[in-house]
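Trainee: 3D, please:
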Amino acid sequence: MSLGSGTAPLVLHAADSVAILTQAARAGEQPLGMGQPLEVQVSRGHKIARVDHAAGAPVIKFGQIIGYATRPICAGAHVHSHNCAIGAHDTDYQIGVDLAAARATIPAPEALTFRGYRRANGQVGTRNYLALVATVNCSATVIRRAAEVVNASGILDDYPDIDGVVAFAHGTGCGMAPDGPGAGNLERVLWGHAAHPNVGAAMFVGLGCEVMQVARLKTRYGDGDERFYGLTIQDTGGTERTIARIVDALRDHLPEVGAARREEVPASALRLALQCGGSDGFSGITANLALGAASDLLVGMGGTAVLAETPEIYGAEALLLRRAASPAVGEKLIARIRWWEDYTRMNGASMDNNPSPGNKAGGLTTILEKSLGAVAKAGQTPLTDVLAYGEQITTPGFVFMDSPGYDPVSVTGQIAGGCQVVVFTTGRGSAFGSKPAPTIKLATNDRLYASMHGDMDVNCGDIVSDSVSTEAKGREILDTVLRVASGEQTKSEALGLGDNEFLPWQIGAVM
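Mentor: Take a look at the predicted model:
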């Protein structure tokens, strides 16, 4: 699909009651060539009414309701939060009614490959890190200092196939119910990062008296994996001795981890995390659609595309349910939606506290509008599974993982589930990276790509400006994914981002 080129406003669907500005319009102008002149300057990415709207009338974009007029809106007027708000959305859930059509969209498989690290358990890595994993905030400092010592020592220069030592430090691990949802989230995240295919060896480091015990993790998830080691500050003899012991242990494991070599592996081994942040009015038109095309290509090869951010599919969940692979899969997604409605209500919030101020400045008005654009990242293929936060990904195809919409928390869960590469679309500009899985950033518009070129890996703005098709851009994104999976450095890696974006989802009582 091509949106055409030029600077004319975009009409995305014949049924739409609004058009999208591709360039700013000044007060007094009529960007649609009809209707009421604009009262104020309106930025690109924002919406202009194509028809008159009575108060209470639906506002339609993407062929779907994105909100309702809160007062009369004349044709030609700016449509945004001053005259449009969320209302009832489609909850007539018809699980699986589009499943056959979704299966028909799966592309023919292609024999594409990348150069990855085969692990003994059959998984394939795109990076080769040594990981230090804190079980509690009390051990955060020692693992950070130990990682700094080794990374700055120059010893890694002799091991070109090691990407570095990464410290997964966080602010929890104690003061929680040991069998509550918070502990479950943290366990899955810590073990998922230690056992990640992008990690060659890992060490758990605890204080000794915390709730999240090293022994508990090893008992629950597998004491027999030779890549994992553990110690505590209390048993080792304090902070300085623990740092020294960690450094010595890391040096001992360098030859083994450094002996790993990349080899040709099928693209089906990839699990791709789909993310968006700092979205704008072009996100659902350019980058998200193109990422959906890339996701479909990967699914066609037997790979896995993982969508997350439950609050950011709210209002569009019916579209995903229509292509659920089974009633059980659909019911799992509905259960998560209901949980989030209760969770936000209990905490005095609303599911429409999203979009953020930056999203709204970029042209997004309601969560319904944002969600319809966000689900575009998932392409058109069947929804094969719905996972808990940080749960291991075992079903190929398009799957959904429950998570908040806050990017660092959401990506942390996707990586814990086994995603080896992250693709992150942004319209406002996000300074985001991740470890041990690299992040590829897609700019939704030409201006962002030019202004933050050092942060953006792929420009999707040319879908609008140069009539590049979403299919061609999807192929470009997939080619970039395969190159990065083979070792090509992303912009966020070159900038050193990723050490501070490890953020497990804290939930439940803090006691």
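Trainee: in the helix or strand of the chain with the lowest mean pLDDT, what counts as buried?
Mentor: For the chain, the helix or strand with the lowest mean confidence is helix 214-221, at a mean of 80 (criterion: mean pLDDT, DSSP states H and E). For helix 214-221, the neighbour count (16 or more other C-beta atoms under 10 Å) marks 214, 216-218, 221 as buried. (Each C-beta comes from the backbone N, C-alpha and C, glycine too.)
Trainee: Between those residues, which sits nearest residue 346?
Mentor: Nearest to residue 346 among the buried residues of helix 214-221 is residue 216, at 28.8 Å by C-beta to C-beta.
Trainee: Residue 501 against residue 432, yeah?
Mentor: Yes: counting by C-beta atoms under 8 Å, residue 501 sits close enough to residue 432 to count as a contact (6.4 Å).
Trainee: Convert the C-alpha atoms of stretch 69-81 to PDB, please.
Mentor: The C-alpha coordinates for stretch 69-81 follow below in PDB (Å, rounded to 0.1, in the frame of the first residue of the first chain):
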ATOM      1  CA  ALA A  69     -17.500  15.000  19.300                       C
ATOM      2  CA  THR A  70     -17.900  16.800  22.700                       C
ATOM      3  CA  ARG A  71     -19.500  19.800  20.900                       C
ATOM      4  CA  PRO A  72     -20.500  20.600  17.300                       C
ATOM      5  CA  ILE A  73     -17.500  20.400  14.900                       C
ATOM      6  CA  CYS A  74     -17.700  22.200  11.500                       C
ATOM      7  CA  ALA A  75     -16.100  20.700   8.400                       C
ATOM      8  CA  GLY A  76     -12.600  22.100   8.000                       C
ATOM      9  CA  ALA A  77     -12.100  22.600  11.800                       C
ATOM     10  CA  HIS A  78      -9.300  21.100  13.900                       C
ATOM     11  CA  VAL A  79     -10.300  17.900  15.700                       C
ATOM     12  CA  HIS A  80      -8.500  17.200  18.900                       C
ATOM     13  CA  SER A  81      -8.900  17.000  22.600                       C
END
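Trainee: buried sites along it?
Mentor: 69-70, 73, 75-80.
Trainee: would you turn those residues into a markdown table with pLDDT, distance to residue 511 and secondary structure?
Mentor: Shown next, in a markdown table, are the buried residues of stretch 69-81 (pLDDT from 0 to 100; distance: C-beta to C-beta, whole Å; DSSP: H, G, I helix; E, B strand; the rest coil):
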| residue | pLDDT | distance to residue 511 | secondary structure |
| --- | --- | --- | --- |
| 69 | 96 | 47 | strand |
| 70 | 96 | 43 | coil |
| 73 | 97 | 50 | strand |
| 75 | 96 | 57 | coil |
| 76 | 96 | 57 | coil |
| 77 | 96 | 53 | coil |
| 78 | 97 | 49 | strand |
| 79 | 96 | 47 | strand |
| 80 | 96 | 43 | coil |
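Trainee: and the two most separated of those residues?
Mentor: For the buried residues of stretch 69-81, the farthest-apart pair by C-beta to C-beta is 70 and 76; their separation is 17.9 Å.
Trainee: now stretch 68-88, how far from the chain's geometric center?
Mentor: Averaging C-alpha coordinates over stretch 68-88 and over its chain gives two centres that are 30 Å apart (C-alpha atoms, centre = their mean, to the nearest Å).
Trainee: Show residues contacting it.
Mentor: 18, 30-32, 34-40, 42, 46-59, 65-67, 315, 352, 360, 363, 365-368 (C-beta atoms under 8 Å, 6 or more residues apart in numbering).
Trainee: Could you tell me which of the residues you listed belong to helices?
Mentor: Of these, the ones assigned to helices by DSSP state H are 360, 367-368.
Trainee: longest strand of this protein?
Mentor: strand 199-206 (DSSP state E).
Trainee: List the neighbouring strands of that one plus their orientation.
Mentor: According to DSSP bridges, strand 199-206 forms sheet pairs with strand 129-134 (parallel), strand 228-232 (parallel).
Trainee: mean pLDDT for these: which is lowest?
Mentor: Note on those: strand 228-232 shows the lowest mean pLDDT, a mean of 86.
Trainee: in that one, what counts as buried?
Mentor: By 16+ other C-beta under 10 Å, the buried positions in strand 228-232 come out as 228-232.
Trainee: try stretch 434-451
Mentor: For stretch 434-451, a neighbour-count test (16+ other C-beta under 10 Å) marks 434-449 as buried.
Trainee: Ok, stretch 454-462 next?
Mentor: Under the neighbour-count criterion of 16+ other C-beta under 10 Å, stretch 454-462 has 455-462 buried.
Trainee: Output that stretch as PDB, nothing but the C-alphas.
Mentor: Extracted in PDB, the C-alpha atoms of stretch 454-462 (Å, rounded to 0.1, in the frame of the first residue of the first chain):
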ATOM      1  CA  GLY A 454      22.100   9.700  15.300                       C
ATOM      2  CA  ASP A 455      19.300   7.900  17.200                       C
ATOM      3  CA  MET A 456      17.200   6.600  14.300                       C
ATOM      4  CA  ASP A 457      18.100   3.400  12.300                       C
ATOM      5  CA  VAL A 458      15.300   3.500   9.600                       C
ATOM      6  CA  ASN A 459      13.300   6.400   8.200                       C
ATOM      7  CA  CYS A 460       9.600   5.500   7.500                       C
ATOM      8  CA  GLY A 461       8.600   9.100   6.700                       C
ATOM      9  CA  ASP A 462       9.200   8.500   3.000                       C
END
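Trainee: that older thread, what is the least confident helix or strand of the chain packed up against?
Mentor: helix 181-194, strand 199-206, strand 228-232 (3 or more C-beta pairs under 8 Å, 6 or more residues apart in numbering; DSSP states H and E).
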